[in-house]
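**Q** dropping a prediction and its sequence here:
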Amino acid sequence: MPELVLWDIDHTLMATRGLGRELWREAFQQVTGVPLREQAAVTGSTERVILRETLRLHNIPYDDGLFVRFADALGTLHVRRAAELRERGHALPGAAAVLAALAERSVRQSVVTGNVRQAAEVKLAVFGLDSYVRLDQGAYAEDGEGRPELLRAALERAAVAPSGAAFLGDTPADVAGGREAGVRVVAVATGRTSASDLRAAGAHVVLDELSDTDRTLAAIGV
């Protein structure tokens, strides 16, 4: 049984049904004063990388201070529009049940996500998932650029060796990051990537969804 289970958030635990992109656009204009014309590719990336690449598309120089201001703006917008997020988005089928089942077995859980921390906290709270995870043992966009870096940060905070952890995500970047960090990777085909492509990426196990709690627990190794 793993000591620690780490979860990606978007398209693994929940769907925001387009609101996330709206909030991103608003935060971008707030901090740059420029309307968003085009956003860099987001699948499997982190907010820091997405912001830097999107700024490049708009011929705006990137610096860490700008990212800090953007993270603050994006987090604040999630807080302000939490009620709308609850109405438009939803936790994915089976997500809450799996989190609860792991908690009942005293398995520690946290998140590794490309979201900024405040946005991640709002999303988890809105859909009633926050009580199952130890947010202080997770990793967020503020902690680095790629999944391997974020996973290592979470493992260090949780004081768990890679062999004692499992990571669930929905993108090839999640799979590659998990493999590089040395953790067990369970890929869930609930995002934009097919099950066959997730297998090809090297996931240890691939699930179509989280609805079958027993099957999901077995995939995690519980």
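**A** Structure's in. What do you need?

**Q** and the pLDDT at residue 172?
**A** Listed pLDDT for residue 172 reads 96.

**Q** one more: residue 41?
**A** For residue 41, the pLDDT comes out at 85.

**Q** again, but for the one 4 residues further on
**A** For residue 45, the pLDDT comes out at 85.

**Q** just checking, it touches residue 114?
**A** Yes - contact criterion Cβ atoms under 8 Å: residue 45 and residue 114 qualify, at 5.8 Å. For the C-beta atoms, the positions are set from N, CA and C on the backbone; glycine is no exception.

**Q** residue 68 - how many residues pack around it?
**A** Using other Cβ atoms under 10 Å, residue 68 has 13 other residues around it.

**Q** and it, how far is that from residue 48?
**A** To residue 48, residue 68 is 10 Å away according to Cβ to Cβ, to the nearest Å.

**Q** and the residue nearest to residue 177 when sequence neighbours are not counted, what does it touch?
**A** Excluding the flanking residues, the one nearest residue 177 by Cβ to Cβ, 6 or more residues apart in numbering is residue 147, at 2.3 Å. Residues in contact with residue 147 (Cβ atoms under 8 Å, 6 or more residues apart in numbering) are 44, 112, 169, 173-174, 176-178, 180-181.

**Q** now do 7 Å
**A** Going by Cβ atoms under 7 Å, 6 or more residues apart in numbering, residue 147 touches 112, 173-174, 177-178.

**Q** residue 24 now?
**A** 39, 74.

**Q** can you tell me the SS state at it?
**A** helix (DSSP: H, G, I helix; E, B strand; the rest coil).

**Q** and what of residue 110?
**A** Of the three states, residue 110 takes strand under three-state DSSP.

**Q** bridged to it, which residues?
**A** Beta-bridge pairing of residue 110 under DSSP bridges involves residue 6.

**Q** show me the domain layout of the chain.
**A** What automatic domain parsing lists as the domains of the chain is 4-15+90-220, 19-85.

**Q** helices of this protein, start to end?
**A** Ranges of helices within the chain are 19-32, 47-57, 64-80, 82-88, 95-104, 117-126, 147-158, 172-181, 195-201, 213-220, based on DSSP state H.
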